[in-house]
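K.L.:
I need the structure of the sequence given here:
(chains A and B)
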Amino acid sequence: MGAKHFGASVKRLEDPALLAGRGRFVDDIKLPGILHACFVRSPHAHALIRAIDGGPAMEMPGVHAVLATADLPEPMDRMPIPMLTPNPAIAVARTQTVLARDEVCYVGQPIAVVVADSRYIAEDAAAAVIVEYDVLAAVGDCRAGIADGAPRAHSDLDTNIIARFPSAYGDVDAAFAGAAHVFQEVLWQHRGGGMAMETRAVLASHDPASDMLTVWSGTQTPHLGRGTLGDLLARNIESIRMIAPDVGGGFGPKAIFYPEEAAIPAAALKLGRPVKWIEDRREHFLCATQERDQYWDTAIAVDADGKILGVRGTMLHDSGAFVPWGVIMPYIAAVTVPGPYVVPAYSLETVVVLTNKVATTPVRGAGRPQAVFAMERLMDRVARELSLDRAEVRRRNFIQPEQMPYPVGLLFRDGKPLVYDSGDYPKAQQAALDLAGYDGFRERQRAARDQGRLIGIGIGNYVEGTGLGPFEGVTVRVLPSGKVAVATGATNQGQGTRTTLSQIVAEQVGCRIEDIVMTTGDTGAIAQGVGAFASRQAVNAGCSAQIAGQAVRQRIVALAARALGVDGADIDLEDGNAVATTGNKPMIPFGELARLAQGIPGVSLPAGQAAGLEHTAYYAPTQAAYCSGTHVVEVEVDHMTGGVKVISYAVAHDSGRVINPLIVDGQVQGGVAHGIGNALLEWMQYDANAQPLTTTFADYLLPMATDVPTCAIAHVETVNPLNPLGVKGAGEGGTIPAPAAIISAIEDALSPFNVHFAETPLMPERIVAALRAAGAYEKMLA
Amino acid sequence: MAKQATRITVNGKSHARVVESRLTLADFLRHELGLTGTHLGCEHGVCGACTVLVDGRSARSCLMFAVQANGCEVTTVEGLTPDGGLSALQQAFMDNHGLQCGFCTPGMLITLTELLRDNADPTEQEIREALTGNLCRCTGYAGIVKAALDAAQRLRGGSGA
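P.N.:
Coordinates of the predicted model:
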């Protein structure tokens, strides 16, 4: 019965509890004696702390503690949060301490934590903590930050440039020197956030009897978090258990370790009572990491037929005030540019700059939307200048499927040569064009224009390195009850991790999917883990589930053969029973086998029999898995208001073999929604002094149900030859090319007026301003 | 802090409590009554995760004080859920992948319960407009809209999609 799970649209096992209001998010967990925390945060983007007076706050009824950095345990009181992603290009690996010591470098940086009987009292008391500051000049823009005489984001550093690195191969100067055409594009992308619907959340409780410190955190990476917390507390990690229970969305920002994940456990240890902190949305806007501020100056060299000869440029990346995730994001951006195209020579100089804003770390896409925007804007430019169809220009430059595996010539962020494992880019583009009705579009466009409507179509192609290592683990264990326990360090913020891993295990082990008892994201359940980022869990945890499931299957078969007195080859595993296919077809349930596998106390196990029906696999991929795809989007632009409506959206997506089409389609659709937000709506704005200006959902707009059409999705499956499941990641591809395709479509809609755009998000006022500058309104009236 | 005696009927059960005047209805439901199905995503009335029915009309429980619901009948996601199973709308969410992380879902269910009560045969556009008060970051709404259409059909006695 094996094939019934893998590849099927199995309904999600997560759903019944979540639909009934019985989810268990951090704030749903109640512990006796619980206290509530609120943080005192910097109102300044850059300031020295002169004094902190918690006295008035401590006098308020119901307040238990006001802790500043000096009140934290060693070494947390002075140790910067460890940075887990080193890179030799980083000149100063600046990360923040848990509570600020004597300088604050972004608005919202935590300075003290107040613990009280209720959140209401804690907020009152936090407002009563008096902090004296000497305000310093702030770096509000990375372009200004590299100018001579610019203020410095950290007063002890003599530069704001924290890293500078080249990404290059081939002779780019020769390519440009010999080119028929050279075109330049200057581009920029603004900050947005992950904006998970559940804000961050931490609950910590110390049990003195076992000396176990248990921390529930709305994190994507509990195992990494436990390790970091162990470092900051100088505590044995075996005495720390970190659990990511139900988590209401991740999208990247919940992958890094935050100060609150250390301060709350420290407060719980100090007070001997459980302490909970639930971030409010304003704090999320201020303190949860963000992404996408980059400034690109790029150029493309092509021959007379539009074939690429080289791409070169520079890119300025705003890292914010710290580098908690190193330079991963600008690095990924820099090496993602060539994408699905043959680019014979490439050179990009990346400069990473500190500013006095909250740090940037990966948000769904992680540098790739910017890179794809750069490359696709260049491709559109070539098409326009050479009067070629935009799809045709791309077609002429695609890497062909027979060129796989294709070495790009760069090193990827996994430390391995960037070699595309598989993919069929021409086929994917054609599939998306067909879904979008591309061939009939010009006629639709003419008809619409006759009615006074401006519609346009845009294309975005991408290749994404997914499934990054180092590893993920899965334990499969048959229990004496007949249930199958599965434990993994992979986590679940909505991706359906429990369902997809259950599909794989059920298929391998031969049990019913509903008999699987899954524990995700709990350091108490499996020794090692990494977590959710880089669209990595289907590859890493999925393959571990496959390997562990196969190993347990072999043990079940061997034991059943012995118990039933038949040959192993004559055993079928079905619905939690081992069934002999010969004789009178005796059978034995898994539960009974699990008891046999535990042996008899004091009696030696039979030769060749291992202890228990259990196996743990830690699959470690040899390199990234390169998924790819094409988006084709049709938009209508209201030339008077600048409003953009996405009319239809087609996606051809190659994430290798699809474990669950329902879930993969959901990932693509959700990713596209995020991309629509990035393209049209979401802009985390700051003033010149790095003061955040958009700190509510009324100022910072997320896509609504009326903004996001239902996508037409085609799966172009090219099997990944490098892992046993043949899979690639699926979590971010929906977002990555969306801004490129949408801006392209807007430009196409407005082509009668010859306006061009180089930024995301593209706000209505910018569209109107561009039309006005192009004389469009005079033209319309004429 | 001033306290007031308050009686609120939640999911058909009457609860009398003396609460601080500033206690939000959402916190009352979650922390006083332990009905943690109602979620808080923004606490400023935009995301809609905290949506409940107050006397049959959808309301943001983050923007109401508990004392303002004195004497009212409140329905939360727990009250939409039949014993030992799922409602037609909940089942349609499961069948059409109408949820991922599940955090916004209770608010979505409440909003759509009101819509389907008042309009048994909504168009896709009517559903989308009804949902503009509820943000979802995971799904891109497609599964939610499909689930609402499917549930409407089931509730009208059709076979469902």
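K.L.:
What are the buried residues along the one helix or strand A:Trp188 maps to?
P.N.:
According to DSSP states H and E, A:Trp188 maps onto strand A:181-189. By 16 or more other CB atoms under 10 Å in any protein chain shown, the buried positions in strand A:181-189 come out as A:Phe183, A:Glu185, A:Leu187, A:Trp188, A:Gln189. Just so you know, the C-beta spots here come from the backbone N, C-alpha and C atoms, and that holds for glycine as well.
K.L.:
Closest one to B:Arg17 out of those, please.
P.N.:
Nearest to B:Arg17 among the buried residues of strand A:181-189 is A:Gln189, at 49.9 Å by CB to CB.
K.L.:
Correct me if wrong: the closest one contacts A:Arg292.
P.N.:
Yes. Applying CB atoms under 8 Å, one finds A:Gln189 in contact with A:Arg292, separated by 4.7 Å.
K.L.:
Which neighbours do these two have in common?
P.N.:
Each of A:Pro369, A:Gln370, A:Asn678, A:Thr760 lies in contact with both A:Gln189 and A:Arg292 under the rule CB atoms under 8 Å, 6 or more residues apart in numbering or on different chains.
K.L.:
for the third one, what are its contacts?
P.N.:
Translated: A:Asn678. By CB under 8 Å, 6+ apart, the contact list for A:Asn678 reads A:Gln189, A:Gly192, A:Arg292, A:Gly365, A:Pro369, A:Thr735, A:Ala738, A:Pro739, A:Thr760, A:Pro761.
K.L.:
rerun that using 7 Å as the cut-off
P.N.:
A:Gly192, A:Arg292, A:Pro369, A:Thr735, A:Ala738, A:Pro739, A:Thr760, A:Pro761 (CB atoms under 7 Å, 6 or more residues apart in numbering or on different chains).
K.L.:
Check the first one too.
P.N.:
For A:Pro369, the set of contacting residues under the criterion of CB under 7 Å, 6+ apart consists of A:Arg292, A:Asn678, A:Thr735, A:Ile736, A:Pro739.
K.L.:
Now name the helix or strand holding it.
P.N.:
Counting by DSSP H and E, the element that carries A:Pro369 is helix A:368-385.
K.L.:
I'd like the C-alpha coordinates of that helix written as CSV, please.
P.N.:
Output in CSV follows, covering the C-alpha atoms of helix A:368-385 (Å, rounded to 0.1, in the frame of the first residue of the first chain):
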residue,chain,number,x,y,z
ARG,A,368,17.0,36.5,-4.0
PRO,A,369,14.1,38.7,-4.8
GLN,A,370,16.6,41.6,-5.1
ALA,A,371,18.9,39.6,-7.3
VAL,A,372,16.1,38.4,-9.6
PHE,A,373,14.8,41.9,-9.8
ALA,A,374,18.2,43.1,-11.0
MET,A,375,18.6,40.4,-13.6
GLU,A,376,15.1,40.5,-14.9
ARG,A,377,15.1,44.3,-15.1
LEU,A,378,18.2,44.0,-17.3
MET,A,379,16.5,41.3,-19.4
ASP,A,380,13.5,43.5,-19.9
ARG,A,381,15.8,46.4,-20.9
VAL,A,382,17.5,44.2,-23.5
ALA,A,383,14.2,43.2,-24.9
ARG,A,384,13.0,46.8,-25.1
GLU,A,385,16.2,48.2,-26.6
